[in-house]
Structure formats: C-alpha cells, structure tokens
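Peer 1: All I have is the shape, not the residue letters:
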C-alpha cells in the first residue's frame, strides 16, 4: 500500500516570501504524484501532477514541484506567496490501474501580511 | 457547471438516524470515488466504482455504510444508525479511465455533523 508523509503540518509565511512544502512517499513501483489545495469549506483542487518525463512540474497559481525518485520525494514550491495562498495543501500518490489516491495528512499554509 | 456536485452540502443529524449523500460525477466519467475527511487529516479512501460495479471497499467502510451507483452515473452513500464518530466531510470524486492520467476531480463535499 502507498503511504505519503507530509513533513510539516503547519507553515506560516510572510507575503511575497518563498515557501516549500515537503512530501515523501513510499512505493516500490512507478507512481503518479499530485498536489491538491483545499480552501476552507471547499473540495480539493488540483495544483499539479507528475506522471512521467521532466522531474520539474509546473502547476497553477505559480506553484511548481520537483520529483526525486532516489529520495522518493515530491516537494512543492512557490517563489512568492500571496495572502490568497492561505489554504490546506495535500500531497497524494496513486498507481494504475485503479488510480486510487492515498493522501498525506496535509500542510496548513498561513500567509501573513 | 459540469463539475462534480454533491448534495446536501451540510447535514446535521441525531445519533442513530440514517443519512444519505448523493454525488453526481462529471458526465462520462466512468470512475467514481468516495473519501472521508476528518478535521486536520487528509482524505481517506472509502470505496470506488467503475461504471456500476463497486470494485473496492476500504476497511473503514463498516457494515453501517453502503454505497451504490445503480446506473453507472450518480452515486449514493448511506450511513445507517449514525454515530458521533461518523462526523466528517464526505468527498466524492470522479475520473476517466480512458484519460489514463490518474487525476481525480473532487466535489465540494458533504459535511456531516452527528449530535
């Protein structure tokens, strides 16, 4: 079974500062990797995904993530955050054929002015 | 709007009552998933359907829980004899097996509060 560890439960950050959210996964097979964002009282929205190819993946709202197979990591970064980036961020892993996602516990990002 | 829709968005019930949630997936998505999310946790897989067939159920899905997708379109999740521990957000997601990307599209969830 897949498992995902998000190493930071809460990340406070000032507006316009960079942020990195760490994610490690355990799997012995090829996997698909995802980052989702959840705003209060809403469902999950896909930020970006890694399926294959380039290890640097760019997503929406200026986010990017780097897949590192040797370290089984998929860390999310943004060079300059906005107040509107305050949300819960989830790393997830799936593998074919059922594409069932396994999620990490989440990282709460709070952006302060 | 052609996204995943869930109904109701909020449900408050008394312990012991039955509740039912409905999920309408994106049109022509043949896979439908149910997840449960409690406060401060990531979503946990409950069950999934491919068309009308329920292909996998998590051990989290006790015998008080039942999910159906009778015509391969919308799905219902029923909880019988609710307990306070059932209080959570129930998320539905759909995907297209043909797309082969593994991306799940989520609805906004149904929040259950059991008093």
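Peer 2: Cool, the structure landed. Keep in mind that what you see is a predicted model, and the values were worked out from it rather than measured. Residues are numbered from 1 along each chain as shown, chains lettered A, B, ... in the order given.

Peer 1: contacts and neighbour counts: CA atoms only from here.
Peer 2: Will do.

Peer 1: Can you measure across stretch B:75-90, start residue to end residue?
Peer 2: 13 Å (C-alpha to C-alpha, to the nearest Å).

Peer 1: Just list whatever residues bridge to the residue nearest the centre of chain A.
Peer 2: Centroid-nearest residue in chain A, with C-alpha atoms, centre = their mean: residue A:35, separated by 3.4 Å. Residues in a beta bridge with residue A:35, per DSSP bridges, are residue A:48, residue A:91.

Peer 1: those strands in chain B, which residues are they?
Peer 2: Ranges of strands in chain B, per DSSP state E, are B:5-7, B:10-13, B:19-24, B:31-37, B:44-50, B:53-57, B:65-68, B:75-79, B:88-95, B:105-106, B:110-114.

Peer 1: for the chain, what are the low-confidence residue spans?
Peer 2: Chain wasn't specified; assuming chain A. A:1, A:28, A:96 (pLDDT under 70).

Peer 1: I was after chain B.
Peer 2: The low-confidence ranges in chain B, as defined by pLDDT under 70, are B:1, B:98-100.

Peer 1: For the residue most central in space within it, which non-adjacent residue is spatially closest?
Peer 2: With distances taken as C-alpha atoms, centre = their mean, the residue of chain B nearest its centroid is residue B:34 (3.3 Å). Excluding the flanking residues, the one nearest residue B:34 by C-alpha to C-alpha, 6 or more residues apart in numbering or on different chains is residue B:92, at 4.6 Å.

Peer 1: hang on, the earlier thing: what separates the residue nearest to the centre of chain A from chain B, distance-wise?
Peer 2: According to C-alpha to the nearest C-alpha, to the nearest Å, residue A:35 and chain B sit 10 Å apart.

Peer 1: check contacts around residue 52.
Peer 2: In the absence of a named chain, chain A is used. By C-alpha atoms under 8 Å, 6 or more residues apart in numbering or on different chains, the contact set of residue A:52 is residue A:32.

Peer 1: nope, chain B please
Peer 2: For residue B:52, the contacting residues are B:68, B:69, B:70, B:71, B:72, B:73, by C-alpha under 8 Å, 6+ apart.

Peer 1: Relative to chain A, how far out is it?
Peer 2: For residue B:52 relative to chain A (C-alpha to the nearest C-alpha), the value is 15 Å.
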